[in-house]
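*Asks:* Sharing a sequence plus its predicted fold:
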Amino acid sequence: MASRTDSPRVIFVFSGKRKSGKDYVTSLLQERFGSSCIILRLSGPLKQQYAKENNLDFKKLLDASEYKERYRDDMIKWGERIRQKDSSYFCRLATDEAKPHHTIWIVSDARRPSDIEYFKKSYPDQTITVRVDTDLEVRVVRGFVFTPGIDDAPSECGLDSYSKWNVVLRNNGNQADLENQLQLLTYMTKGDGEVKR
Ligand SMILES: Nc1ncnc2c1ncn2[C@@H]1O[C@H](COP(=O)(O)OP(=O)(O)OP(=O)(O)O)[C@@H](O)[C@H]1O
């Protein structure tokens, strides 16, 4: 169990392939919960630290710019080296962003089994894992282009064979279907006891 006294009530840990809609879905979910909810990006502290060490512009690494794409490959390799020494390093840093009033955390970008394990081990009663599942054709329409060295690397494929998701959320563009699934996630947080899985 984590030792922090300001543990959240619920943690959604999201994963999904590139352009599956992780950012889109997690921001819709956050809107439902309001200010008690924070989105935590595991890639945030990674980018911050990488930018610092390499004298780069952190803000430009955060958005979907050509600048970010230029450094993506090297940044992944750099993060890999850190993770090999300490697999939960970026998870711990990311959760430092949360304040005590954030009772619901949404982790938007789990990529490795070790990311999932960190939350399940540290917050066993609060963690709900969610895989955003989107057809390849839809991802392509949303801008996905297969890039060797990125899309076949562990950072993109590390959770492809993970099968113990609490929820698999389809995001193929049917808004009514998405709405129902968001409602289900909201329902899972209701009540004072354990989260409903
Ligand atoms: N259900 C949806 N309806 C309409 N547009 C969507 C939907 N889901 C995602 N999109 C759009 O598809 C694009 C990709 O989505 P998003 O950025 O959320 O994906 P991602 O999984 O976070 O991608 P990456 O891993 O590359 O950061 C965005 O322009 C987003 O607005």
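*Replies:* Looks like it came in fine. Numbers count the residues shown, from 1 in each chain.

*Asks:* Show me the strands in this structure, by range?
*Replies:* Counting by DSSP state E, the chain has strands at residues 10-16, 37-40, 104-107, 127-133, 167-170.

*Asks:* Skipping adjacent residues, who's closest to residue 36 in space?
*Replies:* Closest residue in space to residue 36, ignoring its immediate chain neighbours: residue 103 at 4.8 Å, by CB to CB, 6 or more residues apart in numbering. Bear in mind the C-beta positions are built from the backbone N, C-alpha and C, glycine included.

*Asks:* Now do the contacts for the one you found.
*Replies:* Neighbouring residues of residue 103 by CB atoms under 8 Å, 6 or more residues apart in numbering: 8, 9, 10, 36, 37.

*Asks:* what's it sitting at in phi/psi?
*Replies:* Here is the backbone geometry of residue 103 (degrees, to the nearest 10): phi -90, psi -10.

*Asks:* All further residue positions should be reported with the first residue as 90.
*Replies:* With the count now opening at 90, the last piece we talked about shows up as residue 192.

*Asks:* Which helix runs longest in the protein?
*Replies:* Ranked by residue count and defined by DSSP state H, the top helix of the chain is helix 155-174.

*Asks:* circling back: and the strands of the chain: which comes nearest the ligand?
*Replies:* Taking CB to the nearest ligand atom, strand 99-105 is the member of the strands of the chain nearest to the ligand, at 5.2 Å.

*Asks:* Strand partners (parallel or antiparallel) of that closest one?
*Replies:* Sheet pairing here is set by DSSP bridges, and for strand 99-105 it gives strand 193-196 (parallel), strand 216-222 (parallel).

*Asks:* follow-up on the earlier one: what's the closest of the contacts of residue 192 to residue 285?
*Replies:* Nearest to residue 285 among those: residue 99, at 10.1 Å, using CB to CB.

*Asks:* any chance of the strands of the chain in TSV, with mean neighbour count, mean pLDDT and distance to the ligand too?
*Replies:* What follows is the strands of the chain, written out as TSV (neighbours: other CB atoms under 10 Å; pLDDT from 0 to 100; distance: least, CB to the nearest ligand atom, whole Å):
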stretch	mean neighbour count	mean pLDDT	distance to the ligand
strand 99-105	25	98	5
strand 126-129	21	97	11
strand 193-196	25	97	12
strand 216-222	22	98	7
strand 256-259	17	98	10
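
*Asks:* Looking at those strands, spot the one closest to residue 186.
*Replies:* Of the strands of the chain, nearest to residue 186 by CB to CB is strand 126-129, at 5.8 Å.

*Asks:* any idea how far the ligand is from the residue of the chain most remote from its centre?
*Replies:* Most distant from the centre of the chain: residue 144, at 25.7 Å, with distances by CA atoms, centre = their mean. Residue 144 sits 24 Å away from the ligand, taking CB to the nearest ligand atom, to the nearest Å as the criterion.

*Asks:* do residue 177 as well
*Replies:* 21 Å.

*Asks:* Next up, the contacts around the residue lying closest to that residue once chain neighbours are set aside.
*Replies:* Closest residue in space to residue 177, ignoring its immediate chain neighbours: residue 207 at 4.4 Å, by CB to CB, 6+ apart. The neighbourhood of residue 207, defined by CB under 8 Å, 6+ apart, consists of 176, 177, 180, 181.
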